[in-house]
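**Student:** Below are the sequence and a predicted model for it; my questions follow.
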Amino acid sequence: MNGNVRTRAAHAPPSARSASSRGRGWLILTLLVLFAVGATGGAWWYLRIRPNDLNKTTPSDPVSGSNESKTEPDSCSDDVDPKFLELLEFGPPVEVPFRRSLLDGLSDRPIPPLEVFPWQPRGLVAVFGEHRMRGVLLATSPDGKQLAVGSPGSGYVRIGPTETLRETAVIACPVAARKLCWSPTGRSLAVSGDDGVVRLYDIRDLDRIPAPVSMEKVAVAGLITCLSFSGDGKYLLGGDDTVRLGIGWVWDVATQKVANRLVHVGPVMSVAFSPVPGDYRALTAGGPEDGQLHLWDALTVGKNRAVIDFCKPPEKYDTTTVVGDVAFSPDGKRALSCHPDLLVRVWDLSRFEKGKELHSYGGHAATPIAAFSPDGKYVTTARGADNGVWLWDATQVKQVRKLAVSPGVDALGFLSNDQILFTGTNGLDHNVHLHEVATGKELQPPTGHLMDLTSVALSPEGGVLGSAGSDYVIRLWGLKDGKQRHALATGSLVRVGFHPDSRRVYFYSLSHGVVSLADVETGQLNTPAYNNQHGGGIYSASITRDGRYAVTGGYHEGSVRMWRLKDGLQVRRFDFGPSQGPAMVTLAPDMRRALRIGGGTTRLLHLRCQKERHQWPGFQGWAPFLPDGRAAFFGGATAPVWKISKDDPKEVGRIDLDLTGVSAGQISADGKRLAAVLSGRVVVFDLESARAIWDWTPPPHFGGVAGVTLSVDGGYLATANGDGTAYVVRLP
């Protein structure tokens with residue numbers, strides 16, 4: 001029977017055999033198609049999905065520090081999109097051993113005495129840099145032993161010995177200072193302010209400086225920008241910079257009343273009284289639209305002894321020809337004046353006529369400033385653009401020597417003791433420099449940063465302190481010996497941090513579009529060759545915990561970008577536009593997410609998927625991630641804490657800390673402590689108890705604190721200070 005069946009099948013009619021063959025063909029074809037689809041899908045799964053699964057954080061993955069990612073899918077549906085240059089391959093966090101002993105050893109180093117610098121905080125174990133009077137408004141006492149120093153825009157004037165250049169007294173002026181002048185009697189310091197008022201401070205007892213006496217207020221549209229006392233200290237001359245109507249105001253010091261008005265046709269650039277007691281001749285220099293050099297009998301109304309007009313005829317108002325600094329020689333027989341033709345002219349006052357100068361000194365790159373030495377033997381000239389101070393023989397056109405100082409010399413003079421020349425520099429150096437006239441040698445050269453600090457960082461292993469300053473220099477300090485290891489010139493205002501391996505330091509600025517790196521040991525730059533950059537500087541930057549990527553926030557264009565550090569390849573980019581403000585970016589511990597704060601909106605960004613996952617409108621502040629992956633929003637009376645699961649943020653609590661107005665901060669690696677700068681105060685909080693464990697309020701003249709950082713264990717704090725120093729503090 002079975003054979004008959006087989007026989008019948010073998011001998012089926014042709015039509016039946018054809019139908020049966022077609023059925024088997026379709027079945028085979030269907031199976032082949034299904035096999036091909038299955039193979040293709042499996043290959044796609046292995047090549048695309050499987051790497052994501054391998055990168056997915058699990059409870060045993062050391063990247064996370066939490067179990068939150070166990071159920072959270074991390075695959076991106078658009079991984080095949082060509083906008084991705086590569087899949088982000090995160091590695092385990094870089095871990096280096098923390099050497100607390102190096103920080104503990106700082107307590108053996110001496111610190112500046114509290115009786116001299118009483119503002120120093122408790123627990124201070126090291127000061128990197130130096131406390132030093134800084135500024136470009138300078139006035140020296142008649143004996144040359146004391147120096148008064150101020151800065152334009154600041155209401156604080158510091159007074160201290162020239163021997164140390166460290167302040168012993170601070171005058172808090174009601175308004176910002178514009179000019180300082182020490183009286184020849186040594187009892188008074190004249191300070192002109194931004195309100196047009198000139199005030200006299202009695203400084204005979206620096207421990208008890210009484211309230212100032214104000215000179216009669218004069219009706220000026222401009223400011224009193226130059227001052228000079230008569231040789232006997234009985235009169236004070238000030239010049240105002242009112243356009244088209246500058247006046248040299250002469251005050252009687254005893255009565256504080258105006259004794260005379262020396263009228264110009266333009267702003268007054270500089271004034272000088274004869275240094276000879278009882279000689280009340282005065283020099284005044286006219287600025288733009290004036291261009292005249294006047295010699296006056298300062299107490300005689302309308303008595304203009306002589307005037308030299310440097311304006312180019314027939315122009316009535318010449319805006320380019322001005323007369324700059326003027327000064328009398330110590331014997332009152334000669335005078336000097338500075339001009340935009342780069343010359344300093346020396347005049348015999350017995351024949352004070354145009355073209356009759358004794359001689360002139362030239363060679364600077366801009367309108368110079370100048371001064372006579374106390375014995376009249378030398379003239380010194382300078383101009384900030386060519387970073388040189390030149391010393392000349394006062395009787396002939398002969399250069400004695402050139403002093404190399406920082407660019408931007410804005411003040412110049414001599415001390416009467418030992419013929420020491422002092423200069424005040426602006427630009428990238430706000431220090432006072434002292435030089436011996438005989439040798440040109442600089443005395444007490446500044447050490448460390450030349451201006452205020454903008455940022456500070458401690459290396460993860462605890463052996464190096466990095467500091468960045470407005471002098472555009474990154475300095476690396478060894479904590480074992482307290483000495484400066486390297487000074488890296490950056491050319492722009494910077495912020496500094498350390499790579500997780502502690503072997504590299506990174507820094508960035510508001511004017512440079514990439515993150516730079518340097519070797520801590522050698523100081524050599526090893527910045528990758530980036531294939532792109534931010535268009536207008538970087539506002540914030542962080543490096544992922546595995547050390548492979550940098551995430552940056554743009555300053556002008558506000559974008560968030562991610563870079564592969566081994567070769568500088570840009571691997572992610574989020575664009576928001578300038579209207580969203582500078583981008584402050586903080587990274588999550590899992591390295592896959594970030595928060596962007598700016599433009600009144602905080603955004604949750606998924607870095608792998610290059611997607612924005614959530615927005616918090618209206619928040620302005622600082623939003624760091626806690627070590628367990630939650631985000632804390634500081635900047636108000638309390639800090640909301642958000643758990644981010646499956647990119648679905650949910651508020652799970654609040655930290656009861658009032659960090660309103662926080663300008664800088666950091667959380668310790670273990671998440672137990674928080675350091676913050678709050679309206680001039682520096683506070684360290686215990687996050688578990690929400691209690692302040694340490695605080696410090698520097699005095700207003702200190703210049704504030706721009707940045708803070710905590711050691712890995714939270715036991716030490718470092719601060720970036722406005723007086724050019726970095727503090728390291730042992731916390732309780």
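**Tutor:** Yep, it's here.

**Student:** Quickly list what residue 338 is bridged to.
**Tutor:** Residue 338 forms beta bridges with residue 344, as assigned by DSSP bridges.

**Student:** residues contacting it?
**Tutor:** Going by Cβ atoms under 8 Å, 6 or more residues apart in numbering, residue 338 touches 323, 324, 325, 326, 344, 345, 367, 368, 369, 370, 381. Bear in mind the C-beta positions are built from the backbone N, C-alpha and C, glycine included.

**Student:** Just the element for the last one, please.
**Tutor:** In this case it means residue 381. strand 378-383 (DSSP states H and E).

**Student:** picking that back up, which of the contacts of residue 338 has the most neighbours?
**Tutor:** Within these, neighbour counts (other Cβ atoms under 10 Å) peak at residue 344, which reaches 29 neighbours.

**Student:** Next one: it from residue 579, what distance?
**Tutor:** 51 Å (Cβ to Cβ, to the nearest Å).

**Student:** what's the answer for residue 558, then?
**Tutor:** 8 Å.

**Student:** Would you mind putting the CA coordinates of the helix or strand containing residue 561 into PDB?
**Tutor:** Using DSSP H and E, the element containing residue 561 is strand 560-564. Extracted in PDB, the C-alpha atoms of strand 560-564 (Å, rounded to 0.1, in the frame of the first residue of the first chain):
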ATOM      1  CA  VAL A 560      27.500  72.200  24.500                       C
ATOM      2  CA  ARG A 561      30.100  70.000  22.900                       C
ATOM      3  CA  MET A 562      31.900  66.800  23.600                       C
ATOM      4  CA  TRP A 563      35.500  66.000  22.600                       C
ATOM      5  CA  ARG A 564      37.600  62.800  22.400                       C
END
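
**Student:** So what touches that strand?
**Tutor:** 86, 88, 514-515, 528, 530, 532, 534, 548-554, 569-574, 576, 583, 585, 594, 596, 605, 607.

**Student:** What is the subsequent helix or strand relative to that strand?
**Tutor:** Heading C-terminal from strand 560-564 (DSSP H and E), you reach strand 569-574.

**Student:** same for that following strand, what does it pack against?
**Tutor:** strand 560-564 (3 or more Cβ pairs under 8 Å, 6 or more residues apart in numbering; DSSP states H and E).

**Student:** Name all residues that make contact with residue 187.
**Tutor:** 202, 203, 204, 233.

**Student:** let's go with 6 Å and repeat that
**Tutor:** Contacts of residue 187 were listed using Cβ atoms under 6 Å, 6 or more residues apart in numbering, and they are residue 204.

**Student:** can you tell me how far it sits from residue 557?
**Tutor:** For residue 187 relative to residue 557 (Cβ to Cβ), the value is 57 Å.

**Student:** Kindly report the same for residue 103.
**Tutor:** Taken as Cβ to Cβ, the span from residue 103 to residue 557 is 39 Å.

**Student:** ok, now residue 488?
**Tutor:** 26 Å.

**Student:** out of those two, which sits in the busier spot?
**Tutor:** A count of neighbours by other Cβ under 10 Å puts residue 488 above the other of residue 488 and residue 557, at 20 against 17.

**Student:** helices or strands next to the helix or strand containing that one in the packing?
**Tutor:** Taking DSSP H and E as the definition, residue 488 sits inside strand 484-489. Judged by 3 or more Cβ pairs under 6 Å, 6 or more residues apart in numbering; DSSP states H and E, the packing partners of strand 484-489 are strand 473-478.

**Student:** now the strand it packs on: how far from the chain's centre is it?
**Tutor:** 15 Å (Cα atoms, centre = their mean, to the nearest Å).

**Student:** how does this protein divide into domains?
**Tutor:** 2-55, 133-214, 218-443 (automatic domain parsing).

**Student:** Now, the contacts of strand 560-564 that are in strands?
**Tutor:** Taking DSSP state E as the definition of strands, these contribute 549-554, 569-574, 585, 594, 596, 605.
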